[in-house]
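# mind looking at a prediction? Sequence and model below.
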Protein chains: 2
Amino acid sequence: MQNSLKAIFPNFSSELIATIEENGSHQDFKSGTILMRTGQYIKNTVLITKGKIKIYREGEDGGEFLMYYLQPGQACAISMICTTKSEKSQIMAKVVEDVSVMMIPLQMMDKWMMEHRSWYEFVIETYRSRFEEVLEVVDNIAFRSMDERLEFYLKRHSDACGCSEVKLSHQEIATELNTSREVVSRLLKKMEQRGLVKLNRNQIELLNTNFTN
Amino acid sequence: MQNSLKAIFPNFSSELIATIEENGSHQDFKSGTILMRTGQYIKNTVLITKGKIKIYREGEDGGEFLMYYLQPGQACAISMICTTKSEKSQIMAKVVEDVSVMMIPLQMMDKWMMEHRSWYEFVIETYRSRFEEVLEVVDNIAFRSMDERLEFYLKRHSDACGCSEVKLSHQEIATELNTSREVVSRLLKKMEQRGLVKLNRNQIELLNTNFTN
DNA sequence: AATCTACAGTAACATTTATCACAGAAGGAT
DNA sequence: ATCCTTCTGTGATAAATGTTACTGTAGATT
């Protein structure tokens, strides 16, 4: 256990790892579990050691909008921020691949910030990278049209999984981009005609990862 | 001077105020000055003591997109985040009302985080509130159409200045929402017909601040 | 094999937003 | 007062996106 945590969070000091083992509680969740809801109070910070969690925003009409994914070695920035004052969550977190996490009680946050340099740096870096990621999301919806956003979305996915096949239905993609299935189908078809992708049932193969044209 | 800082940042401890006075440099900037550009390296954290700074994202085509405003008693979250590793800025910061600021050299950031509880809390709270604000921006562009976004925009403005008159041209508003002047003119006209605003040259008067209908 | 269901394709149409073109109005400068 | 510039209003049109409706197909179920 100690070994695995150290492997996943290589920058953590040994003392920090030990402290985490001591105070955190290890938990597993199945794909589909909703870990956090908008408006819910947060009592833990979450460190991901296995699997994938989707962080998204929910519209009043029930529409979803993907913000980013959390993967092993990462932590939920929102939970860190809100934790310090036990604020309400502003986002939804859903498990999309069975996960293992360490739940860190909120009281530890402030304490460790002072006591563990490597925790402090991890937290700051988490804030920074998530903030940047969200800014990129803003860019996309503010300045780009749906076809560009779709390309960006597929690229992000293949980057995340490290493979060129994206295993999602058009409906799922549409939901995450907050558009309709028909629009996604149309645009994908156009991309196929341009030779950028190959379409199969429940699977999109990226032919030209570097389609910046 | 000591007095004024304490008045603007009431939660800062006296020792922190003294430290800021000692290490920060007081500077003034005229309206229109660009304090930070995308891609620029950041070497200071900025505390605003007077005036207003606009934080926005710039598209490749030169389009702007308003993120939020910084006002007295606030600090630039981006500069704090980037500062810790002297990262590049991801946003633009432009003075929109003559400002006075305290520039804090980046080396101080980490040091004060450990030494001054009130600084630590201020930084965390700044992260949190800005993150939330950006999430709200995402909501708006992801889920809402232009007429709703325009209403929200006007509301934010009147909230910020504390008055019901928004002194902006249609062109300026269009720029910040990344749309065109004609669209703004048309939507405003409709709002006027619905009795929500009164239109004058370079000025929009909100008649019904609570237009959630 | 027959049936069922989720997924994908596509045409037709509605709506929203962007763009072009131009006219008039307000206020400052001469 | 006249001229100039900026701001505003509005129609016509184009483009992008959303919606409705329907068809076909692959794979699962029976």
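Alright, I've got the coordinates.
# say whether chain B is contacted by the helix ranked longest in chain A.
As assigned by DSSP state H, the longest helix anywhere in chain A is helix A:117-143. Yes. Residues of helix A:117-143 contacting chain B under Cβ under 8 Å from any Cβ of the partner chain: A:120, A:124-125, A:127-128, A:130-132, A:134-135, A:137-139, A:141-143. In short, each C-beta sits where N, CA and C put it, glycine included.
# I'd like to check the angle between that helix and helix B:117-143, please.
30 degrees (axes from the mean of the first three to the mean of the last three Cα atoms, to 10 degrees).
# mind telling me what element A:Asp28 is part of?
A:Asp28 is part of strand A:25-29 when elements are defined by DSSP states H and E.
# now do the helix or strand just after that strand, average pLDDT.
Next helix or strand after strand A:25-29 toward the C-terminus (DSSP H and E): strand A:34-36. Averaging pLDDT along strand A:34-36 gives 92.
# averaged pLDDT, the longest helix of chain A. What do you get?
92.
# okay, buried residues for it please.
A:118-120, A:122-128, A:130-135, A:137-143 (16 or more other Cβ atoms under 10 Å in any protein chain shown).
# now stretch A:180-189
Going by 16+ other Cβ under 10 Å, stretch A:180-189 has these buried residues: A:183-184, A:187-188.
# same thing with stretch A:43-58?
Using 16+ other Cβ under 10 Å as the test for burial, stretch A:43-58 gives A:44-49, A:51-58.
# ok, back up a step: name the helices or strands packed onto the longest helix of chain A?
strand A:64-70, helix A:77-83, helix A:106-115, helix A:146-161, strand B:44-58, strand B:64-70, helix B:77-83, helix B:117-143 (3 or more Cβ pairs under 8 Å, 6 or more residues apart in numbering or on different chains; DSSP states H and E).
# possible to save these as TSV with distance to DNA strand D?
What follows is these, written out as TSV (distance: least, Cβ to the nearest atom of the strand, whole Å):
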stretch	distance to DNA strand D
strand A:64-70	11
helix A:77-83	26
helix A:106-115	38
helix A:146-161	3
strand B:44-58	17
strand B:64-70	15
helix B:77-83	28
helix B:117-143	10
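# ok, which of those comes nearest DNA strand C?
DNA strand C lies closest, by Cβ to the nearest atom of the strand, to one member of the helices and strands packed on helix A:117-143: helix B:117-143, at 9.8 Å.
# just give me how far the closest one sits from the chain centre.
11 Å (Cα atoms, centre = their mean, to the nearest Å).
# how many degrees apart are that helix and strand B:64-70 in direction?
Going by the same axes, to 10 degrees, helix B:117-143 makes 150 degrees with strand B:64-70.
# between helix A:106-115 and helix B:117-143, find me the angle.
Angle, helix B:117-143 to helix A:106-115, by the same axes, to 10 degrees: 120 degrees.
# A:Ile55 is in contact with A:Met92, isn't it?
Yes. Judged on Cβ atoms under 8 Å, A:Ile55 makes contact with A:Met92 at a distance of 7.3 Å.
# up against DNA strand C, what does chain A have?
Listed as neighbours of DNA strand C in chain A under the rule Cβ under 7 Å from any atom of the strand: A:169-171, A:181-182, A:185-186, A:188-189, A:199, A:201-203.
# does anything pack onto the worst-scoring helix or strand of chain A on mean pLDDT? Which helices or strands?
None of the helices or strands of chain A scores lower by mean pLDDT, DSSP states H and E than helix A:77-83, at a mean of 78. For helix A:77-83, the helices and strands in contact under the criterion 3+ Cβ pairs under 8 Å, 6+ apart are strand A:44-58, helix A:106-115, helix A:117-143, helix B:117-143.
# and the gap between the most centrally placed residue in chain A and B:Ile91?
When Cα atoms, centre = their mean is applied to chain A, the residue found nearest the centroid is A:Tyr69 (1.4 Å). A:Tyr69 is 23 Å from B:Ile91, where distance means Cβ to Cβ, to the nearest Å.
# likewise for A:His26?
Where B:Ile91 is concerned, A:His26 sits at a distance of 38 Å (Cβ to Cβ).
# and the two? which has more neighbours close in?
B:Ile91 (24 against 14; other Cβ atoms under 10 Å in any protein chain shown).
# pretty sure that one contacts B:Ile81?
No. B:Ile91 is beyond contact range of B:Ile81, at 10.8 Å (criterion: Cβ under 8 Å).
# make CSV from the residues of chain A next to DNA strand C and add distance to A:Met108 to it.
Listed next are the residues of chain A next to DNA strand C as CSV, based on distance: Cβ to Cβ, whole Å:
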residue, distance to A:Met108
A:Ser169, 40
A:His170, 43
A:Gln171, 40
A:Arg181, 44
A:Glu182, 48
A:Ser185, 47
A:Arg186, 49
A:Leu188, 46
A:Lys189, 51
A:Leu199, 48
A:Arg201, 47
A:Asn202, 42
A:Gln203, 42
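# where's A:Arg57 relative to chain B, distance?
6 Å (Cβ to the nearest Cβ, to the nearest Å).
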